[in-house]
Structures are given as C-alpha cells and as structure tokens.
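*Asks:* Sequence and predicted structure are below.
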Amino acid sequence: MSTLEIKDLHVSVKTEEGDKEILKGVNLTVNSGEVHAIMGPNGSGKSTLAYSIAGHPKYDVTSGTVTLDGVDILSMTVDQRARAGLFLAMQYPVEVPGVSVANFLRTAKTAIDGEAPKLRTWVKDVNEALERVTLDKEFAQRSVNEGFSGGEKKRHEIAQLELLNPKFAVLDETDSGLDIDALRVVSDGVNRYSTQGDRGVLLITHYTRILQYIKPDYVHVFVAGRLAESGGRELADQLEAEGYDKYVKAAAQA
Amino acid sequence: MTATQTVAEALELSPVESHLHPAGSFNLEDHAVPSGLEEIWRFTPLKRLRGLHQDTPLDGEDFKVEVDAAEGVTAVSVPAADSARGVSGYVPVDRVSARAWEAARSVFEVTIPANAEIAEPTTIRLHGEGLEKAAAGHLLVRAGQFSKAVVVVDYDGSATWAENIEVVLEDGAQLTFVTIQDWNDDSVHVVTQHARVGRDAELRHIAVSLGGDVVRASTSADYLGTGGSVEMLGVYFADAGQHIEHRLFVDHTAPRTKSNVEYKGALQGKDAHTVWIGNVLIRKEAQGILTYESNDNLVLTDGATADSVPNLEIETGDIEGAGHASTTGRFDDEHLFYLQSRGIAEEEARRLVVHGFFNDIIRRIGVPALQERLVASIEEELAEHVGRIG
Ligand SMILES: Nc1ncnc2c1ncn2[C@@H]1O[C@H](COP(=O)(O)OP(=O)(O)OP(=O)(O)O)[C@@H](O)[C@H]1O
Ligand SMILES: [Mg+2]
C-alpha cells in the first residue's frame, strides 16, 4: 500500500506585480487503490496543484508538504519524482520537435525501470499500448505530440500511463477536448490502470461527464485554491445539478 | 569564345541594384583589403584570418587529398589553365575568393556523366597537415544532364585554407552536394561556393560545420533555366571561441524555380559565435517562384552569440510564395519539464532536445552513413557541456 499525502500546501507563481498565491492550503490524502476526483471551476488552481506535485519550475511551494509513503517529494527534481512513482497526464501535453515517440517512450521506460526494456517485447508493448488508445502504430515514428490533434495528445498521455505504470497518476483534465468515443477510450485506459488495485488516481476535471465512465471513490470540490468540500460520488451528482456557484460565493466571502 | 563565356552570357538579366548582388571581378585590384566595416565582412573576425584577406601568400602545400570516386564518376586534378573553371558563371565576389582564384594552380574536377544514376557517394577528403602556410584550392563539380549522384567533401586536420567551389547542374541533373567541416580547432577556412542550376535540375546542398577556429562559407546559387530547384540544408555546432559563418545567397534568375534554405545551429561555451546570412533575390524575370528560408539557433550556455539575418528582395509581384523565419532561443523549459516528468534525467532530456532540434534536418540528408556520423558528432559535441549518455 502506498500513500500520497498533501498537507497544507501553499503555492505561488511569479507575476509582474510580484508573487501571487494560488494554492492556499490544500490537504488531501490518496491511498493506492483509490480514485479521487477533483472538480472545480476555471482558474481555481487545479492545474497548479497538478504541476506542483510534479515539480514544474514555474510554481513556488511556499509552505506545506507533499510526501509519497512518508518521503518528502518536494525536495526531489521533476525526474526523481517520476522515478519515485508519480505521473502527470497534462492538460496541454507539450510538443517536443524531432524526438520520436518510440525513442521518448524507450528512454522514459529505461529511466523509470532503471534498465532498458527487453527489445523483443518492448516494440510489441508499445504497439499494443498505442492500439488500445486507438492510435495507429505509425505514431511511434512521429515527433512527440507534434502535430497531434488535441484528442490524440490526450490518448498519447494515457498510452504512457499504461506503459510506465506509476504508483500514482494525476490526470489533469484528460477528458477535456475529447469526443465521446475518445472519452470512452481514455476512460477505459484509466480504468485498466486503476483496477490493478494498487494504484492511486487523482482525476482532475471540470465536467461530470467523465464520471459516467470512471467511478471515483471520493469527490472533492476545489475552489479558490483549496478543497471546499469532500464527499462520495453523490457530491458529483450534486455539482452536476447545482454547479459551483454556492462554493464560489462562499469562498469569495471568506 | 570560350566555353566559360558561352554559359556566362547565356544568363542575360535586367540589372538589379542590390547589395545582395555584389558585382564580381577576377581582378584583385577591384577587391580592396577589407577593413571589417564592409557589409559583407562586418561579422567576420578579420584578425583571425591569418591574412587570407590581405596578402599572405597562398602557396602552402601542407595538405593531402584523398578521393573515393564512385564507379562512373571521374575525379581528377587538372592544371588551372587547362581546367573548365568559370563554367558556373562565377566571378569572385570578395578578396579572399579572388586571391584563391589567382593562387590555385590546379582545379579538382569531379564529373558525373550525363544520364548516370549513381547511388554510391563520391568522397573527397581534404586533410590539412599544417597551418603555417596558407593554401588555396579550387573544386569544380559538374553533373551531366539527367544524372543523379552524391558528392561529399570532407575536411579535417589543420589548415589555413582559401577555396572556391563551383557546382554545375546541367538540365535535369539531381545532385546532392555535401561539405563537412570537421577541422581541428585551429583551422581557418574561407570558402566561396557557387552553383548554377540548369532547367529542371535539383541541387541539394548540405553544409555541416563542426570544427575550425574560423569557418566562413559563402554559398550562392542561380538558375540557368526554368523549373530548377535548390535545397540548402545546414547544421552547425560552435564551441567556445569558434566562429562559424554561413552566408547564403539564392538568386532567382529564372521563372518557376524553387529554393528552400534551412539551417540549424547550436552554440556552447564562451565566445562561441555563429553568423547566418540568408539572402534571397527574386528578379523581375523570376515569375512564379517559390522560396523559403529559415535559420534556428539553440544557445546552450551563456557567453555564446548567434547572429541571424534573413533578407528577401523581391523585384516581381508575380510569385507563388516567399517567406523567411529566424529564431534564436535557449532550452525550452516546457520541453525539459515534459521529458523529466516521464522520469528522464535533466541531462538526458537536454540531449534529447538537442538531437531533436537537429534531427529535423539530419533525417532529410538522405545519405544514411552521413546521418549516423552526424548524430555521433553531435553526441561528441554535447559530451563537452551537456554530458555524455548514460
Ligand atoms: N504566471 C501567472 N501569472 C498570473 N496568474 C497566473 C499565472 N499562472 C497561473 N495564474 C493564475 O492561477 C490561477 C489558477 O490557474 P490554474 O491553471 O491552476 O487553474 P485551473 O483550475 O487548472 O483552471 P482550468 O479549469 O481553466 O484549467 C488562474 O487564475 C491563473 O490565471
Ligand atoms: Mg487547468
């Protein structure tokens, strides 16, 4: 059993008018075997939370802790965090010109496992992972995310999730920009990953749509840089009916 | 009338007043010793040219030429007086070129017969064996009608080398012409190249510049007939103290011709300096042409400078397309973050990004052995600053 624990996390970004605090004390514990959905309005800080966990240099953690099985990950570099077992599927996956998907995946797999994957099975594994998210195997020869459609980028993130098979996956709006077929393909991928039983998922989303396919154990409402409420699946239904208004107003008054 | 005149006069063009198009001359008197203020010299560190631009004798012989000619290709040295040089219509455009023309006693002539299709590259290795005495060279590559071939010129060792290269593509010829500057760090190489491209002929010109203290390569191309196409690809990597300068000039002298110029360079270390000048002139008679030029520089460390100047001069309104782009940047944090977020260590992520940057051009070279060698050379260069693989 593994645990990802976020305690009183405060994060700011540098702006022209000085530092701006975006996360204002986030507390959240995710155990392996659990799926947590984080839902919140635009600009509430969901991506900031995801990036801060992954270690993006743009975000300054001003206080609080993030630990993986008790080990501080905030002092680790981005790649160390990934090797420790964290994975971030990005809201806007980055294009890396000239680096082929095949080379990228092999390099990443080698880094994560500490040894190169077996050549014979690896090519097959990659092809199958791409196939499962309905990407043609010629994608392996293309540059990472370059010229991919929005949906193809998201499916590529899920193919990576399955190939690298981390302890914890943070999925930042992996559902946005997907048509219904792609949404199902992506959800199936996440479900295959989480039903292994010993993996944790932090599913960040703006819409309840994806929750028809991925059933979270916990739902959290994220507003103005912190969790405003936590509950079970029924909370998602309530958000579907009522929206975020109540929470946004409450946060504004606080 | 000599053969030279026939071809040279076949190109009758309306005059253009353009600094892109310097009037050449064989007469040394017409080329004053540059002061460094001239437009064409302002980026070049004249002090480091060992007098190539002044009056240093160019009679050195400390070099070796090795030829590996593919079957069907002739590659021989011919006394300058008996050679066909000038057949490209080239007239020296600067003092170093005029001096090299005057000093070269022989011309190395590579001839691809008409209709021959030769997959095997022809390689000429110029190995410098000393830089005290400056030397001059002249290379003439002629691709016969409808021929198809690859010619590679590979420079290494130590030399102070002034050179003219002429490349002639007769109608329908397809030629891949590659130069690789793999000099020792102390070499000085000033080379002027001119290509004349026949009707429907296709030149792929590939310049790889890795070594040398100062490398200044000026390359021009014009078109003898309609439908000709020129692709100029370049890859360069400058280390501390190195000056690598590429000056390209595509002169669209005929209708429906094409040019595509793409150079990519990386710089690392104190006072690494690269210069890229991309000039394109579209003359009145060059209707319906298509041109694009781009230069991208990746600055890997502090203290390195990349100059990049694209110029496009258009004398006709009737063109199919013309564009240019120039970028100079550092590592993109987002690229590195994405790769690192997949467990790839920073150093390795940087390597991937640099290889990726060059890959775009390298994979289009089309000579597999050369592509592999280039990837390895870039790896070597990277080992100095970015760190070796695993
Ligand atoms: N460099 C910056 N300067 C100023 N504000 C910033 C900067 N970077 C982020 N922000 C602000 O931080 C807030 C949180 O952004 P974040 O991307 O985390 O939101 P989000 O919840 O993921 O939104 P969305 O649903 O649109 O993806 C936003 O108001 C955003 O404008
Ligand atoms: Mg977001």
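*Replies:* Nice, I can see it. Residues are numbered from 1 along each chain as shown, chains lettered A, B, ... in the order given. Ligands and ions are numbered 1, 2, ... in the order given.

*Asks:* Residue of the stretch 151-300 of chain B closest to ligand 1, please.
*Replies:* B:Val299 (23.9 Å; C-beta to the nearest ligand atom). No exception for glycine: its C-beta is placed from N, CA and C like everyone else's.

*Asks:* Just to check, that residue is in contact with B:Ser308?
*Replies:* No - if you go by C-beta atoms under 8 Å, B:Val299 and B:Ser308 don't touch, sitting 11.2 Å apart.

*Asks:* Mutual contacts of those two, please.
*Replies:* Residues touching both B:Val299 and B:Ser308 by C-beta atoms under 8 Å, 6 or more residues apart in numbering or on different chains: B:Thr328.

*Asks:* give me the element the residue of the stretch 1-150 of chain A found nearest ligand 2 is part of.
*Replies:* Closest approach between the stretch 1-150 of chain A and ligand 2, counting by C-beta to the ion: A:Ser47, at 3.1 Å. Per DSSP states H and E: A:Ser47 is located in helix A:46-54.

*Asks:* could I get that helix in CSV with only the CA atoms?
*Replies:* Extracted C-alpha coordinates of helix A:46-54, given in CSV (Å, rounded to 0.1, in the frame of the first residue of the first chain):
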residue,chain,number,x,y,z
LYS,A,46,-6.4,22.6,-10.3
SER,A,47,-3.6,22.6,-12.8
THR,A,48,-1.4,24.4,-10.3
LEU,A,49,-1.9,21.6,-7.8
ALA,A,50,-1.1,19.0,-10.5
TYR,A,51,2.0,20.8,-11.7
SER,A,52,3.2,21.5,-8.1
ILE,A,53,3.0,17.8,-7.3
ALA,A,54,5.0,17.1,-10.5
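
*Asks:* Sketch out the helices for the chain, chain order is fine.
*Replies:* I went with chain A, as the question did not name one. A:46-54, A:78-84, A:101-113, A:119-132, A:150-164, A:180-194, A:233-242, A:245-253 (DSSP state H).

*Asks:* Oops, wrong one, chain B.
*Replies:* Counting by DSSP H, the helices of chain B are B:3-10, B:95-103, B:333-340, B:346-362, B:368-385.

*Asks:* Give me the buried positions along the third one.
*Replies:* Right, helix B:333-340. The neighbour-count check on helix B:333-340 (16 or more other C-beta atoms under 10 Å in any protein chain shown) flags B:334-340 as buried.

*Asks:* Export only the CA atoms of it, formatted as CSV.
*Replies:* Taking C-alpha atoms only, helix B:333-340 is exported to CSV below (Å, rounded to 0.1, in the frame of the first residue of the first chain):
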residue,chain,number,x,y,z
ASP,B,333,11.7,24.7,-20.1
GLU,B,334,8.4,23.1,-21.1
HIS,B,335,10.3,20.6,-23.3
LEU,B,336,12.6,19.7,-20.5
PHE,B,337,9.7,19.5,-17.9
TYR,B,338,7.7,17.2,-20.1
LEU,B,339,10.6,14.8,-20.6
GLN,B,340,11.6,14.9,-17.0
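
*Asks:* give the contact list for residue 201.
*Replies:* All of this refers to chain A. A:30, A:34-36, A:168-169, A:171, A:190, A:193-194, A:214.

*Asks:* oops, I was thinking of chain B
*Replies:* Per C-beta under 8 Å, 6+ apart, neighbours of B:Ala201: B:143, B:169-175, B:225, B:228-229.

*Asks:* follow-up on the earlier one: out of the buried residues of helix B:333-340, which comes closest to A:Gln160?
*Replies:* Lowest distance from A:Gln160 to the buried residues of helix B:333-340 (C-beta to C-beta) belongs to B:Tyr338, with 10.5 Å.

*Asks:* burial of A:Thr195, as a residue count?
*Replies:* The number of residues packed near A:Thr195 is 10, by other C-beta atoms under 10 Å in any protein chain shown.

*Asks:* Oh, that last question was meant for A:Gln212, not what I typed.
*Replies:* Counted with other C-beta under 10 Å, A:Gln212 comes out at 11.

*Asks:* Ok, the one 4 residues further on next?
*Replies:* Neighbour count for A:Pro216, taken as other C-beta under 10 Å: 23.

*Asks:* gap between it and ligand 1?
*Replies:* Look at A:Pro216 and ligand 1: by C-beta to the nearest ligand atom, to the nearest Å, they are 18 Å apart.

*Asks:* For residue 127, list the residues it contacts.
*Replies:* With no chain named, the answer covers chain A. A:137, A:140.

*Asks:* You answered for a different chain; I wanted chain B.
*Replies:* B:63-66, B:155-157.

*Asks:* From those, keep the buried residues only.
*Replies:* B:63, B:155-157.

*Asks:* now, which of the residues you listed lie within strands?
*Replies:* Among those, the residues falling in strands (DSSP state E) are B:63, B:155-157.
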